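S.K.: sequence and predicted model, in that order:
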Amino acid sequence: MHIDKFEEAMMNCRFCFMCRHLSTIGQVRGTEVDTPRIRAAMLYGLRTGTNSFDDSDFVEALYRQELSACCVHHCVNHYDENGLALAARADVVEAGKAPEKVQKLAKKYGKSAFTAKGKGDLAYFLDATTAADKDVVASVKRLFAAAKATPVIIEGGSIGKALKVLGYLPEAKAAAEAFAAFLAEKGVKTLVVSNPAAFDALTRDYPAFGVKLPCKVLCLSSYLLQAKVAFKKPAGEVYYLADDFMRNYDGCECPEKLLKALKATNLPFGTNDEESYCCGEGAVVFDELNPALVKELAAYVAERADHPKTDRIVVLSAYTKKVLKKYGKLDVVTMDELAAACL
Amino acid sequence: MKIKEDSYMYEMIRTELTDVVGNENVDTKFADKFGHSIDYYWIPEMWHDRGRPCPKPDFVVHPKTTAEVARIMKIANQYKIPVVPWGGGSGSQGGALPIYNGIVLDMKRMNRIVKIDKQALTVTAQTGIITKHLEWGCNKAGLSTMHLPASIACSTIGGFLAHRGTGVLSTKYGKIEDMVMSLEVVTPTGEIIRTLPVPRHASGPDLTMLFLGSEGTLGVITEVTLKVHPQPESRQFRAYIFKDFHTAMQAGQTLMRSRLQPCAMRLYDETETKTHVSKVFGIDLDKGAYLVFGFDGRKDIVDLQMKHAREIMEGEFKGKDLGSKGGEWWWENKYKFFYPGYMFHVPQAFGTLDTVADFSHIENVYWAMKKVVNTEFPDARFIGHFSHWYDWGCMLYARFIFPGDKVPPNAEEAAALYNAVWDKAIRAAIREGGVINEHHGVGLKLGRYMKDLYGKAMPVLEGIKQKLDPNGIMNPGKMGLAGC
């Protein structure tokens, strides 16, 4: 089973409580089953026969995890309960026990037809979530213009991240291979992305799949810093919500560096900088999978804002912006928008 | 009692509970109930490890308000169903296990900070709040509860109130019962009561203290007002290595008798210093006993207290100074001891023989327990540290550990071995003047010793229970009180 690769996490997390305060879903639902400890204990129960994927509630709990990886980041040994849960989803799918809504989403994200607009070896991957936010798209265009660059814009759907998160590993790998081949065909040497989930897919998932990209991958923050784009206006006071992928998945620290370059005064949000405020960003399609929960997560974040109506919240992903604006009624911009406003 | 799921009664109760908290807050699914069948008590962990199912509740109910708790209690009384309050489920004594099934009242949706009073320096909160979140909330206001236990991340404040928990700064700021101003409690019969608003008065016996440590057997604590403190200007630690545990103990006692006011002090015996402190800090402490202490408050006063404390440590007792860095190691790693890899873990069999005694008795308690474990259970290792110090005595955090391959494969035999260690070690401690528990509570694990401990006073406790809980539905079978 896939979970066997996460033996260490399963055996250690099943009796450990030390990250329960960061258990995002457990916190909003007040439940035990939505904590790393009980998920690990239930997965261990597969071995002893006390639990089974035939229990649809257990499977449902596995798909309720928001995959923020706060627990992994917090743990002194960094036991990867997040990876364990992802592996369990892959086992669920292989056992033919994926819930119907998961199957539908997998079908949706299994379709990809990449397109490329423009010429050159510098490309920007415009994922579907980012593409749906016109303000972010306009900001990205302005930023590339300020960098005096005209990247090839690649669009067209899934690069495999959603499939991986849903537990469809062979399909995710196939999507990764297809995307890598497309980039090679287009002669891309540098690929820039805004979406942290895409960055994580390209820098962590692809190597794990054994898929080699023909290009280097940069997050947009990193690209802007390397391009030494001049920012004339200071960003002022903002509340930057640390990104799940960049903070907890060992992404990169470029967003924080860009904030400094933008002369932003980053105020502490909420009561702590350990919890995830990304509303299920790590689960990528969480708003489609568990919309009611996403609403609760956004409300939880909104309750923690100092001045919900006026605080300027900065996030990295268009996903988090979308759900925090929609359900949390907060004033949210992405880092790309903030940077563009400082030009 | 186990209510048959295909019975009319089951459906009736479920319907009534749903009416109070909503359908989404009454869990009857296996996955949800499973989560409330294991706490941090070794026996259910061992059972789980070996594939033996643990008792589960019939219903897991998640109230949001005190009024909802009161209504649930009335329903439980109507049907005479057991009710077990559940916070973080991280207790080590089996205190929150639903041993008679029934309702588990998971309090974690009652997680609001109601008010921070900066004039009185108090915080009022619902008791289902994870203590770390409560502390974070106070920190945001520039304050601290100063209740910083190792389980701060996983336990609710209600859990600490229920079993009289303590934190690493207890030597100065006290245990949880020293921090409480007042409580709101839902009695077993569903009445909502409040204890007096201040902890010092002469208006009769103190109801606040009655409910603190009652482990859910006398009611459900739904709201608490705690004292809070400004963050200190300075907090400094220093550590020493002494030639042996006895010398270190004498140094620690002398420090406490001097009436200096450390915020924390911890002394590890030679074995724990060598095996645990060294491992957690990543340094070699091969010989001797490690003692760490600290002071906090105004910097000039902290400096002065530290100066006098150093004179005690380095004078008569000739402690080897590890400096402030040696103390900071402990402060920075104080919770690391409890993470997997540093903490004991099934298949090992292990337990914390938490005992408290005055300075005249504490060393004898230590040696008596150590002797029992070492001589009667040669496969077990015994380690101990002294983690909460008072003017009059301290707490012994003694532990026994059997390696996994020395634990019988048969679950009954494993439990029998485990319980035998407790029987012998705890009775040895009581004989030497120890009180069997300082901050983990009694729960299921230690209930059988309550009669030994209380003697003729036990019927007083049982009488109070009977008066408050005539149907015996509140967390039955715990603390040595009657089961269902």
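M.R.: Received, thanks. Residues are numbered from 1 along each chain as shown, chains lettered A, B, ... in the order given.
S.K.: taking the stretch 201-343 of chain A, what residue is nearest to chain B?
M.R.: Using C-beta to the nearest C-beta, the closest approach of the stretch 201-343 of chain A to chain B is made by residue A:271 at 3.7 Å. Every C-beta, even on glycine, is put in place using the N, C-alpha and C of the backbone.
S.K.: and that residue, how far is that from residue A:304?
M.R.: 7 Å (C-beta to C-beta, to the nearest Å).
S.K.: and for residue A:198?
M.R.: Taken as C-beta to C-beta, the span from residue A:198 to residue A:304 is 27 Å.
S.K.: now residue A:118
M.R.: Residue A:118 sits 41 Å away from residue A:304, going by C-beta to C-beta.
S.K.: near chain A, which residues of the stretch 51-200 of chain B show up?
M.R.: B:51, B:53, B:62, B:88-90, B:106-109, B:111, B:128, B:130, B:132-133, B:136-137, B:139-140, B:151-155 (C-beta under 8 Å from any C-beta of the partner chain).
S.K.: just the buried members of those?
M.R.: Burial by neighbour count, 16 or more other C-beta atoms under 10 Å in any protein chain shown: within these this picks out B:62, B:88-90, B:106-109, B:111, B:128, B:130, B:132-133, B:136-137, B:140, B:151-155.
S.K.: how about the helices in the stretch 51-200 of chain A?
M.R.: A:56-64, A:70-74, A:81-94, A:100-109, A:128-131, A:134-146, A:161-166, A:169-186, A:196-200 (DSSP state H, counting those that start in this stretch).
S.K.: any residues touching the shortest one, and which ones?
M.R.: Counting by C-beta atoms under 8 Å, 6 or more residues apart in numbering or on different chains, the neighbours of helix A:128-131 from elsewhere in the structure are A:136-137, A:140, A:155, A:157-158, A:194-195, A:317-319, A:322.
S.K.: if we go to 6 Å?
M.R.: A:136, A:194-195, A:318-319 (C-beta atoms under 6 Å, 6 or more residues apart in numbering or on different chains).
S.K.: how about the longest one?
M.R.: The list of residues contacting helix A:169-186 from outside it, by C-beta under 6 Å, 6+ apart, reads A:90, A:110, A:114, A:116, A:158-160, A:163-164, A:206, A:209, A:211, A:213-215.
S.K.: tell me which of those residues is nearest to residue B:323?
M.R.: For the contacts of helix A:169-186, the minimum distance to residue B:323 (C-beta to C-beta) is 48.5 Å, reached by residue A:206.
S.K.: what's the closest non-adjacent residue to the closest one?
M.R.: Leaving aside its sequence neighbours, residue A:206 sits nearest to residue A:176 (C-beta to C-beta, 6 or more residues apart in numbering or on different chains; 5.2 Å).
S.K.: go on, residue A:160?
M.R.: Computed as C-beta to C-beta, 6+ apart, the closest residue to residue A:160 that is not its neighbour in sequence is residue A:175, at 3.5 Å.
S.K.: rewinding a little: okay, the helices of the stretch 51-200 of chain A in a markdown table with mean pLDDT and mean neighbour count next?
M.R.: Below are the helices of the stretch 51-200 of chain A laid out as a markdown table (pLDDT from 0 to 100; neighbours: other C-beta atoms under 10 Å in any protein chain shown):
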| stretch | mean pLDDT | mean neighbour count |
| --- | --- | --- |
| helix A:56-64 | 96 | 20 |
| helix A:70-74 | 95 | 22 |
| helix A:81-94 | 98 | 23 |
| helix A:100-109 | 96 | 16 |
| helix A:128-131 | 95 | 20 |
| helix A:134-146 | 98 | 18 |
| helix A:161-166 | 98 | 27 |
| helix A:169-186 | 97 | 19 |
| helix A:196-200 | 97 | 28 |
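S.K.: tabulate these in JSON lines, adding columns for distance to residue B:196.
M.R.: JSON lines is the format used below for the helices of the stretch 51-200 of chain A (distance: least, C-beta to C-beta, whole Å):
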{"stretch": "helix A:56-64", "distance to residue B:196": "43"}
{"stretch": "helix A:70-74", "distance to residue B:196": "40"}
{"stretch": "helix A:81-94", "distance to residue B:196": "45"}
{"stretch": "helix A:100-109", "distance to residue B:196": "53"}
{"stretch": "helix A:128-131", "distance to residue B:196": "56"}
{"stretch": "helix A:134-146", "distance to residue B:196": "57"}
{"stretch": "helix A:161-166", "distance to residue B:196": "54"}
{"stretch": "helix A:169-186", "distance to residue B:196": "61"}
{"stretch": "helix A:196-200", "distance to residue B:196": "53"}
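S.K.: residue B:479 contacts residue B:216, doesn't it?
M.R.: No. Residue B:479 lies out of contact with residue B:216 (C-beta atoms under 6 Å); the separation is 9.2 Å.
S.K.: and the two? Which one has more around it.
M.R.: Counting neighbours by other C-beta atoms under 10 Å in any protein chain shown for residue B:479 and for residue B:216 shows that residue B:216 has the greater number, 27 against 23.
S.K.: any idea how far the nearest residue to residue A:219 once chain neighbours are set aside is from residue A:317?
M.R.: Leaving aside its sequence neighbours, residue A:219 sits nearest to residue A:199 (C-beta to C-beta, 6+ apart; 5.1 Å). Going from residue A:199 to residue A:317 by C-beta to C-beta gives 10 Å.
S.K.: could you do residue A:217 as well?
M.R.: Between residue A:217 and residue A:317 the distance is 16 Å, computed by C-beta to C-beta.
S.K.: give me the more crowded residue out of the two.
M.R.: Remark: of residue A:217 and residue A:317, residue A:317 carries more neighbours, 29 against 19, as counted by other C-beta under 10 Å.
S.K.: for the more buried one, what are its contacts?
M.R.: A:195-196, A:281.
S.K.: how about stretch B:206-214: buried residues?
M.R.: Of the residues in stretch B:206-214, B:208, B:210-214 count as buried by neighbour count, 16+ other C-beta under 10 Å.
S.K.: what's that stretch in contact with?
M.R.: Under C-beta under 6 Å, 6+ apart, the answer for stretch B:206-214 is B:161, B:164, B:177, B:180, B:183, B:185, B:195, B:218, B:221.
S.K.: just these now: which is nearest chain A?
M.R.: Nearest to chain A among the contacts of stretch B:206-214 is residue B:221, at 16.6 Å by C-beta to the nearest C-beta.
S.K.: residue B:328: neighbour count?
M.R.: So residue B:328, with other C-beta under 10 Å, has 18 neighbours.
S.K.: go on, residue B:70?
M.R.: 19.
S.K.: ditto for the one 3 residues further on
M.R.: For residue B:73, the neighbour count with other C-beta under 10 Å is 25.
S.K.: check what pLDDT it gets.
M.R.: Turning to residue B:73, the model gives it a pLDDT of 98.
S.K.: that one reaches residue B:191, doesn't it?
M.R.: No. Contact criterion C-beta under 6 Å: residue B:73 and residue B:191 do not qualify, at 8.5 Å.
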